[in-house]
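> Fold the following for me, if possible:
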Amino acid sequence: MTDFSPAWAARANAIRALAMDAVEAAASGHPGMPMGMADVATVLFANHLKYDPAAPRWPDRDRFVLSAGHGSMLIYALLHLTGYASPTLDDIKRFRQWHSPCAGHPENTELPGVECTTGPLGQGLAMAVGMAMAERHLNAVFGDALVDHATWVIAGDGCLMEGISQEAISLAGHLRLGRLNLIWDDNGISIDGPVSLASSEDMAARFAAAGWHVVACDGHDFASIDAALTAARADPRPSLIAARTTIGKGAPTKAGTSGSHGSPLGAKEIEGARAALGWTHGPFAIPAEIKAWWEGLGARGAAARAAWEARLATHAQAGEFTRRMEGRLPEGNAAYQAHVAGLIANPPKIATRKASEMALDALVPALPELLGGSADLTGSNNTKAKGQPLFSAADYGGRYVHYGIREFGMAAAMNGMALHGGVIPYGGTFLVFSDYMRNAIRLAAIQQIRVIHVATHDSIGLGEDGPTHQPIEHLASLRAMPNVAVWRPADAVETAEAWACALKDATRPSVLALSRQNLPPLRSDAGEMLSARGAYRLVAAGHKRAAVLIATGSEVHIAAEAASLLEADGIGCDVVSMPCWEAFAAQDAAYRADLLPAGVAKISVEAGVTMGWERWTGSDGLNIGIDHFGASAPAERLYAEYGLTAPAIAARVKAHLGR
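Residues are numbered from 1 along each chain as shown. Alright, predicted model coming up:
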């Protein structure tokens, strides 16, 4: 049992001092949360967290997620004190400044000790659920010798108010993720004032109802904190540790108030806090004995890491484990090649959602790191491969997750899986419901991680479900997001190519927009992976080229039919399939100019808003699409009513050319 001597208070006060000094120097930030949670964090890092600052990416480390990312100085102080190479004290002095790794909210791409980018409240908790899922899955595959760690989260009232928290809490309880421990900073304060202004729920009962173990502690009593964390580690259920704290602890007039939440304390308040805490040291000054104690905590992790490395060195699956954790795909692509060869030999007329399922039937057995799922639309998204076992509390070795109707929680959990490493997550829903997932997709893009979203029912082609389910603005909306690859394949071959490209794309999320309706085969060769270039010439003009029709997905075959009508009238027309804007934009200028030459009319065809297509058609081009919401009717009627038929398109092209 730890002897919590008075020295522990001074050690925790080092966190408080760095937090209030950094926020004051930046004239911006949130000092209250790190000051309130300093005692809890000290016990966690001293007695419970498995980590090694010398190896921040050690695969079997515990994951620590600061879901309440606004309190970023908490994690920056902890990383610095325990001996991580970064952030340095100079980095902390430049908190929230240009080129400082100590950003306003923690960013995984800036500091190796930051497991995930947080700030949008609740998402850190949901990503932690994904990390815990990945840990249990890899443990089932590789055993305790290689995978045996916990996931710890600190979340505040704001995280638990956000709707995504309920999705995450419910899923974690259902899956009995006993290695997941959530420490709730129960300080009763939000930016507007007391939490009671907006919330009066019984948080402990809420978690208990979802199947969590719940324990409470005094967040400023080291022994009480230690006992609660110990109890959490021992329980087979996910645990909520309700730590009652005082926000801004030590601040003489602002402690326990919203005044310490989101703005600097001010010089006078900091002077009073130093006096109240007995901290006699100047700004950013940490006494040598306190720094040495913290660094000693960090150094302890080296032994556990060395023991783990010794186990890895002799493990029968060492090579496979290392490959998966490094995110490298297996050598060769025989399964993919065989699949595409089969499509060429027997060209199917199928929906691209079905083509995606066929691709998964080939890819899932070949890529054991693929971990799929759907938000209660498995039969519609076609996301489950043949024989793919279910991931559940009874079998963490399964590879398919029934996420339930929790799109946002699913997307965030997949982010957590990707960040954990060792798995490549994919999940399905309807494209229209990408709105529910949007902020998680955005965080995936910011964090530069490989997550694959299967978004079916991608247009008015879904038909009778009507405007609530028909995506109109969604492709444009997702394409507007930086570092996201949006794929809209036109047939089974393009769908297979889209999957191959998404799997290779390790630094950004991909969205595969797939049709409900059957589409004819368009590709007849399995040579170059044409979709990898983002766009390619599917049909070359027979007559002198007068126009280039650029289309995606279910409109490509319609554009090809329209081109045939135009050719019959002596109007030369190329057809360009453009499954991925982002991949095409990355091609060299010569390739793009050859495909979309100057001096030729360029016409886009897509069953969605026309906004953005000017990028490819130019200001004098023609953009054919749907700039209004859809309607409930069979797909064929909708396409006819909205002018997305070959004769209607050919007529508009002629009018545009003045023919």
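
> how close does the spatially closest residue to residue 299 that is not a sequence neighbour get to residue 346?
Sequence neighbours aside, residue 83 is the residue nearest to residue 299 in space, at 6.8 Å (criterion: CB to CB, 6 or more residues apart in numbering). Just so you know, the C-beta spots here come from the backbone N, C-alpha and C atoms, and that holds for glycine as well. Between residue 83 and residue 346 the distance is 61 Å, computed by CB to CB, to the nearest Å.

> and residue 141, which of the three is it?
helix (DSSP: H, G, I helix; E, B strand; the rest coil).

> Would you confirm that it contacts residue 397?
Yes. Residue 141 lies in contact with residue 397 (CB atoms under 8 Å); the separation is 6.0 Å.

> Compare the two (neighbour count), which wins?
residue 141 (20 against 14; other CB atoms under 10 Å).

> if I pick the more buried one, what's in contact with it?
Contact partners of residue 141, counting by CB atoms under 8 Å, 6 or more residues apart in numbering, are 147, 368, 397.

> Kindly recompute the last result at 7 Å.
residue 397 (CB atoms under 7 Å, 6 or more residues apart in numbering).

> how close does it get to residue 178?
To residue 178, residue 141 is 18 Å away according to CB to CB.

> repeat for residue 156
From residue 156 to residue 178 the distance is 23 Å (CB to CB).

> In terms of neighbours, single out the busier of the two.
Neighbour tally, residue 156 and residue 178, criterion other CB under 10 Å: the higher count belongs to residue 156, 30 against 21.

> And the more buried one, its phi and psi?
phi -110, psi -170 (degrees, to the nearest 10).

> Look up phi and psi at the closest residue to it other than its chain neighbours.
Excluding its sequence neighbours, the residue lying closest to residue 156 (CB to CB, 6+ apart) is residue 68, at 4.0 Å. In terms of degrees, to the nearest 10, the main-chain angles of residue 68 are phi -80, psi 70.

> Show the contacting residues for residue 68.
Residues in contact with residue 68 (CB under 7 Å, 6+ apart) are 33, 154, 155, 156, 158, 159, 185.

> Just the CA coordinates for whatever helix or strand the first one lives in, please, in PDB.
Spelled out, that is residue 33. Assigned by DSSP states H and E, residue 33 belongs to helix 32-43. What follows is helix 32-43, C-alpha atoms only, in PDB (Å, rounded to 0.1, in the frame of the first residue of the first chain):
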ATOM      1  CA  GLY A  32      -9.300  24.900 -14.100                       C
ATOM      2  CA  MET A  33      -9.600  21.300 -15.300                       C
ATOM      3  CA  PRO A  34      -5.800  20.400 -15.000                       C
ATOM      4  CA  MET A  35      -5.700  22.100 -11.600                       C
ATOM      5  CA  GLY A  36      -8.800  20.100 -10.400                       C
ATOM      6  CA  MET A  37      -7.600  16.800 -11.800                       C
ATOM      7  CA  ALA A  38      -3.900  17.100 -10.800                       C
ATOM      8  CA  ASP A  39      -4.300  14.800  -7.700                       C
ATOM      9  CA  VAL A  40      -6.200  12.100  -9.700                       C
ATOM     10  CA  ALA A  41      -3.600  12.200 -12.500                       C
ATOM     11  CA  THR A  42      -0.800  11.900 -10.100                       C
ATOM     12  CA  VAL A  43      -2.100   8.700  -8.600                       C
END
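
> That helix packs against which elements?
Packing partners of helix 32-43 (3 or more CB pairs under 7 Å, 6 or more residues apart in numbering; DSSP states H and E): helix 7-26, helix 72-81, strand 180-186, helix 222-234.

> any idea where the helices of the stretch 551-659 of the chain begin and end?
Secondary structure of the stretch 551-659 of the chain (DSSP state H, counting those that start in this stretch): helices located at 556-568, 581-585, 589-595, 614-617, 635-641, 646-657.

> Pipe those helices into TSV and attach mean neighbour count per row.
Shown next, in TSV, are the helices of the stretch 551-659 of the chain (neighbours: other CB atoms under 10 Å):
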stretch	mean neighbour count
helix 556-568	22
helix 581-585	18
helix 589-595	13
helix 614-617	16
helix 635-641	17
helix 646-657	17
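
> Export those helices as CSV, with columns for distance to residue 73 and mean pLDDT.
Shown next, in CSV, are the helices of the stretch 551-659 of the chain (distance: least, CB to CB, whole Å; pLDDT from 0 to 100):
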stretch, distance to residue 73, mean pLDDT
helix 556-568, 52, 98
helix 581-585, 36, 98
helix 589-595, 45, 98
helix 614-617, 41, 98
helix 635-641, 54, 98
helix 646-657, 58, 98
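
> Select, out of the helices and strands packed on helix 32-43, the one closest to residue 378.
strand 180-186 (24.8 Å; CB to CB).

> Give the pairing partners of the very next helix or strand once past the closest one; include direction for each.
The helix or strand immediately downstream of strand 180-186 is strand 189-190, counting by DSSP H and E. Applying DSSP bridges, strand 189-190 is found paired with strand 193-194 (antiparallel).

> and the partner strand, how far from the chain's centre?
Offset of strand 193-194 from its chain centre (CA atoms, centre = their mean, to the nearest Å): 31 Å.

> Contacts made by that strand with the rest, please.
So strand 193-194 is contacted by 188, 258 (CB under 7 Å, 6+ apart).

> Tell me the predicted confidence for residue 333.
If you check residue 333, the pLDDT there is 89.

> Measure how the helix holding residue 33 sits relative to helix 222-234, angle-wise.
70 degrees (axes from the mean of the first three to the mean of the last three CA atoms, to 10 degrees).

> tell me the average confidence for the helix or strand following helix 32-43?
Later in the chain than helix 32-43, the nearest helix or strand by DSSP H and E is strand 63-66. For strand 63-66, mean pLDDT rounds to 98.
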